[in-house]
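Q: Need coordinates for the below:
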Amino acid sequence: MTKLEELHLGSVDLSSPLPKSIANLSSLISLSLKHSNLYGEFPQNIFHLRNIQVIDVSSNDNLRGFLPINFSSYSKLKSLNLHSSSFSGRLTHSISNLMFLSNLDLSGCAFSGTIPSTLFIMPSLQFLGLRENQFTGPLTIPSSLKNLSCLSSLDVGDNNFNGQIPSILFQIPKFPKFLKTQNELEYLDLSSKKIKGKVPKWFFTIGAETLHSLNMSTNFIIRWEEVLKMLSQKGEINPLFCNITSLIVLDLSNNNFNGEILPCLDSISSLQWLKLSNNKFEGSIPLSLGNLTQLSYLDLSKNRLSERIPQLGNSSMFCTLSNLGVLDVSNNQLIGSIPQCLGSFSQHLQVNNFEGHIPQSVENMIQLESLDLSNNKLSRRIPQELGNLTLLAYLNLSNNQLTGMIPQGTQMSTFSKSLFNGNVELCGLSLSECEDSSDEMPSTTLDHESEFWSGFGWKAVAIGYACSFLGGVLGGYLFISKK
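A: This next block holds a predicted model:
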C-alpha cells in the first residue's frame with residue numbers, strides 16, 4: 001500500500017490505536033480519521049511523510065500525541081486538524097517551516113507553554129485555532145501579522161494568557177475578520193484603530209446576546225454595508241444594529257456617520273451609556289430615546305441635529321429618563337426652550353438656538369459647581385438666586401440676550417467680565433453701571449418649573465459655548481458628573 005494517497009475513515013468507529021505502519025505510506029497525501037474513536041499514541045513520523053498535505057484526527061478524545069520538535073522546511077502540509085484530541089506539549093518555532101499551512105486547528109487539546117511569535121508570520125495561514133488549551137504568558141504577536149492578508153480567523157480564547165491584547169490586532173484599515181467567530185464577546189473596543197469605510201454585514205452577529213460594551217469611536221467609518229441596505233432612504237441605520245440587545249455601553253463618537261440617529265435604539269433596553277458625538281447625524285432627536293430608562297449618559301453633541309427636543313406628554317422626553325446623569329446636545333442647531341427638568345441632570349446645551357429665561361428655581365441646585373449657558377438666545381434677567389450658590393466655581397452666560405443687573409454674591413464677584421459679554425443690556429460687576437440697581441426680576445416662574453428643578457444634586461451644567469470652559473479651565477469631564 002505504499003502508493004496509497006488518501007486514507008479517509010472519518011466517523012468510522014475504529015475503537016483502536018492508530019497503527020504505526022501508517023507512517024510507512026510514503027505516497028500518502030491526505031489522512032482523515034476524525035471522530036473514529038481512536039486512542040493511544042499518534043505515530044509522530046506521520047508528520048514527516050514527504051507528500052502529506054492533510055492530517056485530520058480531530059474529535060478523538062483519547063488520542064494522545066506530540067508535535068515534532070523540528071518540522072522540515074520541505075513539508076507540504078496544508079491542513080492540520082487536531083481539534084478535540086489529547087495532543088499536548090509545547091509549540092516550537094520550527095512550526096513556521098510549514099510554509100504551505102493554511103489551516104491549523106489545535107483547539108480543545110492540552111497544549112501548554114507560550115506561543116512562539118513565528119506562528120504569526122506564516123504567509124499562507126487562513127485559520128488559526130488555539131482555543132481551550134493551557135497556553136500561558138503574553139501573546140507575542142509581531143507587527144508583521146498585518147501582512148497576513150489570507151488570515152480570516154484567529155481564535156485564542158479560553159487559555160491562560162496575561163498582559164494586554166496586542167494593539168497590532170486592530171491597527172488595520174478594515175474590521176478584523178477573526179471577530180466573525182467571537183460569538184461570546186462581552187467587551188469590544190475598536191476605538192482609534194484607523195478603521196475606514198463600511199461596517200460589514202457580519203458585524204451584527206457577533207456577541208448578539210453577550211456584548212455589553214462596544215466602542216468604535218475615533219475612526220473613519222462612513223456607513224453600514226450597502227449589501228444589506230443598512231441605510232434607508234432617510235439615512236437611518238437599519239434595526240439590525242439594535243439586535244445587539246445586551247449592550248450597556250455604545251460609543252460611536254468621532255466618525256463620519258450621517259443620516260438620522262438610530263430610532264430603534266430603544267430596543268436595547270439595557271443601554272446605560274450612549275455616545276454619538278462628533279458625527280454628521282441630522283434631523284430631530286428620536287422620541288424613542290425617551291424609552292431608554294436605564295440611560296445615565298447621553299452625548300449627542302457636535303452633530304447637525306435640529307428642531308425642538310421632542311415632548312412626551314407635557315414634558316421633554318428627557319424628563320422620563322430618571323437615571324440620566326449627563327446630557328450633552330451641544331454644538332447642534334436645536335431650537336425651543338430648555339427642558340423644564342433641567343435640574344435632574346448635568347447638561348451641555350451650548351451653541352444651539354434655545355430661547356426663554358433662566359428659572360428662579362435654580363436656587364435649588366445647591367451642589368452646582370459649573371454652569372455654562374453661553375451662545376443661545378436666553379432673555380430676561382439673571383435670577384438673583386444664582387448669587388446664593390456658594391459652590392459655583394464657573395459661570396458662563398455670554399452671548400445671549402440677558403438684561404438687567406448681574407446678581408450679587410460671593411462667587412459672582414470672582415467671575416471674569418468676558419463670561420457676561422455679548423449681553424448688551426446687562427450691567428453690574430465690571431460691566432456698565434446699572435441705572436436702577438434696585439430693580440429685581442419679578443417672580444414669574446411657573447410652579448411646574450420649581451417642581452422639576454428642585455431636589456436634585458447638581459455639579460455641572462453647560463448650555464452655552466464651552467470653548468474656554470472645555471479647553472482651558474478644568475478639561476471638560478469634571479463638569480459633567482452628577483454628584
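
Q: rest of the way, CA atoms for contacts and neighbours
A: Noted.

Q: Show me what residue 62 is bridged to.
A: residue 39 (DSSP bridges).

Q: Also residue 297?
A: Beta-bridge partners of residue 297, as defined by DSSP bridges: residue 273, residue 326.

Q: per-residue pLDDT, it?
A: Residue 297 carries a pLDDT value of 88.

Q: One more: the one 4 residues further on?
A: Residue-level confidence at residue 301 comes out at 90, pLDDT.

Q: ok, it to residue 115 distance?
A: 45 Å (Cα to Cα, to the nearest Å).

Q: what do you get for residue 422?
A: When residue 422 is compared with residue 115 (using Cα to Cα), they lie 64 Å apart.

Q: Among these two, which residue is more densely surrounded?
A: More crowded of residue 422 and residue 115, by other Cα atoms under 10 Å: residue 115, with 22 against 16.

Q: ok, that one - contacts?
A: By Cα atoms under 8 Å, 6 or more residues apart in numbering, the contact set of residue 115 is 91, 135-136, 139-140.

Q: sec struct for it, please.
A: Here residue 115 is recorded as coil under DSSP: H, G, I helix; E, B strand; the rest coil.

Q: ditto for residue 123
A: coil.

Q: That one against residue 98, yeah?
A: No - judged on Cα atoms under 8 Å, residue 123 makes no contact with residue 98 at a distance of 9.5 Å.

Q: more neighbours, the two?
A: Shown here are residue 123 and residue 98; by other Cα under 10 Å, residue 98 has more neighbours (22 against 19).

Q: pLDDT value on that one, please?
A: 91.

Q: Helix, strand or coil: sort out the closest residue to residue 401 other than its chain neighbours for me.
A: Using Cα to Cα, 6 or more residues apart in numbering and skipping the chain neighbours, the partner closest in space to residue 401 is residue 379 (4.7 Å). Following three-state DSSP, residue 379 is assigned to strand.

Q: And for residue 379, the neighbour number?
A: There are 15 residues near residue 379, going by other Cα under 10 Å.

Q: and what of residue 3?
A: Residue 3: 9 neighbours (other Cα under 10 Å).

Q: tell me the contacts of it?
A: 25-28.

Q: Redo the residues you listed as TSV? Include secondary structure.
A: Shown next, in TSV, are those (three-state DSSP):
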residue	secondary structure
25	coil
26	coil
27	coil
28	coil
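
Q: want to throw the residues you listed into JSON lines with neighbour count and pLDDT?
A: Formatted as JSON lines, these follow (neighbours: other Cα atoms under 10 Å; pLDDT from 0 to 100):
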{"residue": "25", "neighbour count": "20", "pLDDT": "91"}
{"residue": "26", "neighbour count": "18", "pLDDT": "90"}
{"residue": "27", "neighbour count": "16", "pLDDT": "91"}
{"residue": "28", "neighbour count": "23", "pLDDT": "93"}
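
Q: Can I get these in CSV including distance to residue 282?
A: Below are those laid out as CSV (distance: Cα to Cα, whole Å):
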residue, distance to residue 282
25, 69
26, 68
27, 66
28, 64
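
Q: Residue 353 is in contact with the residue nearest to residue 401, correct?
A: No - counting by Cα under 8 Å, residue 379 does not reach residue 353; the two are 11.9 Å apart.

Q: From residue 85, how far out is residue 63?
A: From residue 63 over to residue 85 (counting by Cα to Cα), the distance is 6 Å.

Q: before we move on, what about residue 60?
A: Counting by Cα to Cα, the gap from residue 60 to residue 85 is 5 Å.

Q: Those two: which is more packed in?
A: residue 85 (25 against 21).

Q: The residue nearest to that one when sequence neighbours are not counted: how many residues sit nearby?
A: Counting by Cα to Cα, 6+ apart, residue 85 lies nearest to residue 61, which is 4.4 Å off, once chain neighbours are set aside. Residue 61: 20 surrounding residues under other Cα under 10 Å.

Q: how near is residue 61 to residue 42?
A: Applying Cα to Cα to residue 61 and residue 42 gives a distance of 12 Å.

Q: which residues do these two both contact?
A: By Cα under 8 Å, 6+ apart, no residue touches both residue 61 and residue 42.

Q: The nearest residue in space to residue 422 that is not next to it in sequence in helix, strand or coil?
A: Closest residue in space to residue 422, ignoring its immediate chain neighbours: residue 399 at 4.1 Å, by Cα to Cα, 6+ apart. In three-state terms, and counting by three-state DSSP, residue 399 is coil.

Q: mind showing which ranges of the stretch 251-400 of the chain have poor pLDDT?
A: Low-confidence segments of the stretch 251-400 of the chain (pLDDT under 70): 313, 340-352, 359-365, 367-368.

Q: what about 80?
A: 251-252, 255-257, 312-316, 319, 322, 324-326, 337-355, 358-372 (pLDDT under 80).

Q: Do a quick rundown of the strands in it.
A: 258-259, 273-275, 280-283, 297-299, 304-308, 311-312, 315-316, 326-328, 333-337, 346-348, 353-356, 370-372, 377-381, 394-396 (DSSP state E, counting those that start in this stretch).

Q: For these, give me TSV that also has distance to residue 81.
A: Below are the strands of the stretch 251-400 of the chain laid out as TSV (distance: least, Cα to Cα, whole Å):
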stretch	distance to residue 81
strand 258-259	45
strand 273-275	42
strand 280-283	48
strand 297-299	47
strand 304-308	53
strand 311-312	59
strand 315-316	60
strand 326-328	52
strand 333-337	59
strand 346-348	56
strand 353-356	64
strand 370-372	62
strand 377-381	69
strand 394-396	65
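
Q: so of the ones you listed, which one's packed in deepest?
A: Burial of the strands of the stretch 251-400 of the chain is given as mean neighbour count (mean count of other Cα atoms under 10 Å); strand 346-348 ranks first at a mean of 28.

Q: doesn't residue 132 make contact with residue 157?
A: Yes - Residue 157 lies in contact with residue 132 (Cα under 8 Å); the separation is 6.5 Å.

Q: what about these two, which has more around it?
A: residue 132 (20 against 16).

Q: How about residue 402, nearest residue that isn't a chain neighbour?
A: Residue 402 sits nearest to residue 379 (Cα to Cα, 6+ apart), 4.5 Å away.

Q: that older thread, show me which of the contacts of residue 115 are buried.
A: 91, 135, 139 (16 or more other Cα atoms under 10 Å).

Q: Who are the contact partners of residue 263?
A: Residue 263 neighbours (Cα under 8 Å, 6+ apart): 236, 286-289.

Q: Dump those into CSV; add distance to residue 388 and neighbour count as well.
A: Converted to CSV, these look like this (distance: Cα to Cα, whole Å; neighbours: other Cα atoms under 10 Å):
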residue, distance to residue 388, neighbour count
236, 46, 18
286, 37, 17
287, 36, 16
288, 38, 16
289, 35, 22
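
Q: Need those residues in CSV (columns: distance to residue 334).
A: Formatted as CSV, these follow (distance: Cα to Cα, whole Å):
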residue, distance to residue 334
236, 19
286, 13
287, 14
288, 17
289, 16
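
Q: Just the ones of those residues in helices?
A: Per DSSP state H, helices hold no members of the contacts of residue 263.

Q: Of those, which is the nearest to residue 310?
A: Nearest to residue 310 among these, counting by Cα to Cα, is residue 287 at 5.8 Å.

Q: quick one: contacts for the closest one?
A: Contacts of residue 287 (Cα under 8 Å, 6+ apart): 263, 310-312, 317.

Q: Relative to residue 265, how far out is it?
A: 11 Å.
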